[in-house]
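[1] quick one, fold the following:
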Amino acid sequence: MNTTRYAVFTRQRPGDDLVMVGSVNAPSDRLARINAREMYDEEDWAKMLIVDESELIDVQALEEPTAADTEVVSG
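    Residues are numbered from 1 along each chain as shown. Presented below is the predicted three-dimensional model:
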């Protein structure tokens, strides 16, 4: 069975920054949600989010922006 690694982010109180608290491995989003809740329930989080780690974008690895990337569209 193939599994995916999910990053787990939490927010202590509404308005706080999201903080990555760890990760879980699971074969589906549904099971990842369950695993995250079970593993990281030590706090009464205002928010807990998971994201497939393959969807994270490494900002520092990006090339310099091109003119098309920085074009401003006027309304």
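[2] low-confidence ranges, this protein, go.
    Within the chain, the ranges that satisfy pLDDT under 70 run 62, 64-66, 69-75.
[3] what ranges does this protein have for its helices?
    Along the chain, counting by DSSP state H, helices occupy 29-39, 67-70.
[4] mean neighbour count and distance to residue 53 added to those, as TSV?
    In this view, the C-beta of every residue, glycine as well, is placed from N, C-alpha and C. As requested, these are exported to TSV (neighbours: other C-beta atoms under 10 Å; distance: least, C-beta to C-beta, whole Å):
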stretch	mean neighbour count	distance to residue 53
helix 29-39	15	11
helix 67-70	7	24
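[5] need those helices in CSV with distance to residue 47, can you?
    Formatted as CSV, these follow (distance: least, C-beta to C-beta, whole Å):
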stretch, distance to residue 47
helix 29-39, 12
helix 67-70, 30
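[6] how much space between residue 58 and residue 52?
    From residue 58 across to residue 52, the span is 14 Å (C-beta to C-beta, to the nearest Å).
[7] mind checking which of the two has more residues around it?
    Each of residue 58 and residue 52 has its neighbours counted (other C-beta atoms under 10 Å); residue 52 has more, 13 against 6.
[8] need the contact list for the more buried one.
    Remark: with contacts taken as C-beta atoms under 8 Å, 6 or more residues apart in numbering, residue 52 is in contact with 4, 5, 6, 29.
[9] of the residues you listed - the most surrounded one?
    Neighbour max across the contacts of residue 52 (other C-beta under 10 Å) = residue 6, 24 neighbours.
[10] which one of the contacts of residue 52 is nearest to residue 47?
    Taking C-beta to C-beta as the measure, residue 47 lies nearest residue 6 of the contacts of residue 52, at 15.3 Å.
[11] from residue 35, how far off is that closest one?
    Distance from residue 6 to residue 35, by C-beta to C-beta: 8 Å.
[12] need the overlap of contacts for those two.
    24, 25, 26.
[13] can you tell me which of the residues you listed are in strands?
    Of the shared contacts of residue 6 and residue 35, the ones assigned to strands by DSSP state E are 24, 25, 26.
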